[in-house]
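Asks: Got a sequence here, can you build the structure:
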Amino acid sequence: MLLIAFYIAITAEAMSAALAAGRRNIDWFGVCLIACVTALGGGTIRDILLDHYPLYWVENPYVLVLVCGAALLTIPLARLIDRLKWPFLLLDALGLVVFTVIGCNIGIDAGVHPIIVIVAGMVTGTAGGILRDVLCNDIPLIFQGELYATVSMITGIIYFAGLGAGLPIDLMIIASAALGFALRVMALAFHWEMPKFVYDRDMRK
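Replies: Presented below is the predicted three-dimensional model:
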């Protein structure tokens with residue numbers, strides 16, 4: 001189930017990344033590159049930090065074919081896909097929690113400190129989007145008040161705490177992903193945001 005959700009998520013991430021690249025008039029190679037960075041970048045950074053080899057897409061190169069295929073398919077269907085805002089937001093939320101749980105599992109298998117397990121989940125869930133925004137010359141979404149990294153962190157904490165309490169792994173995958181997904185959707189629906197730090201040195205009291 002987790003693997004199926006992973007493939008759905010990387011496909012959706014690739015297509016949304018392709019749209020972001022298209023808005024910047026990037027060529028087809030760039031579209032594929034940004035799609036790969038977005039869909040697989042978080043897991044790649046996590047694996048490098050945890051010394052976890054081989055990288056998933058190196059061991060399973062067909063994943064690159066899937067991601068690039070989804071990105072190229074987006075080009076002729078861009079207008080249609082761009083109208084499907086909410087379905088892609090929901091798929092993005094699904095990807096966030098699925099990537100987070102997978103990242104936590106990699107951290108657990110690596111035997112790292114619990115804090116690093118949560119960080120590994122958060123990096124897996126969010127780093128690809130940060131790289132996408134940087135490559136497209138945008139301020140990363142998670143730095144604009146979006147409850148995104150926070151949702152990933154909460155998902156990871158719930159998952160790891162449940163496992164630590166001895167609850168079945170399948171139950172915790174479903175429970176943590178469901179709670180994280182619900183929190184992300186509610187944040188989108190009700191416009192919940194993180195407080196922002198606004199400092200203007202020219203402000204006068």
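
Asks: so who does the residue nearest the centre of the chain touch?
Replies: Centre of the chain computed as the mean C-alpha position; nearest residue by Cα atoms, centre = their mean is residue 125, 3.4 Å away. By Cβ atoms under 8 Å, 6 or more residues apart in numbering, the contact set of residue 125 is 42, 95, 96, 97, 99, 100, 103, 149, 152, 155. For glycine as for every other residue, the C-beta is placed from the backbone atoms N, C-alpha and C.

Asks: what do you get for residue 16?
Replies: 38, 88, 92.

Asks: Counting neighbours, which of those residues comes out on top?
Replies: When neighbours are counted by other Cβ atoms under 10 Å, residue 38 leads the contacts of residue 16 with 30 neighbours.

Asks: which sections of this structure are below the confidence cut-off?
Replies: Within the chain, the ranges that satisfy pLDDT under 70 run 202-205.

Asks: which helix of it spans the most residues?
Replies: helix 85-110 (DSSP state H).

Asks: Determine how far it lies from the middle of the whole chain.
Replies: Averaging C-alpha positions (Cα atoms, centre = their mean, to the nearest Å) puts helix 85-110 6 Å from its chain's average.

Asks: got it, and stretch 134-148?
Replies: Relative to the mean C-alpha coordinate of its chain, stretch 134-148 is positioned 12 Å out (Cα atoms, centre = their mean).

Asks: do the same with stretch 16-33
Replies: In terms of Cα atoms, centre = their mean, the centre of stretch 16-33 is set 18 Å apart from its chain centre.

Asks: Give me the buried positions along that stretch.
Replies: The neighbour-count criterion (16 or more other Cβ atoms under 10 Å) identifies 16, 17, 18, 19, 20, 21, 22, 26, 30, 31, 32, 33 as the buried residues of stretch 16-33.

Asks: and which of those is nearest to residue 168?
Replies: When those are ranked by distance to residue 168 (Cβ to Cβ), residue 16 comes first, at 32.9 Å.

Asks: need the contact list for the closest residue to residue 147 other than its chain neighbours.
Replies: If you skip the residues right next to it in sequence, residue 147 has residue 187 as its closest partner in space, 3.9 Å away by Cβ to Cβ, 6 or more residues apart in numbering. Remark: with contacts taken as Cβ under 8 Å, 6+ apart, residue 187 is in contact with 146, 147, 151, 193.

Asks: From residue 109, how far off is residue 187?
Replies: Residue 187 sits 30 Å away from residue 109 when distances are taken as Cβ to Cβ, to the nearest Å.

Asks: Nice, that's everything, thank you.
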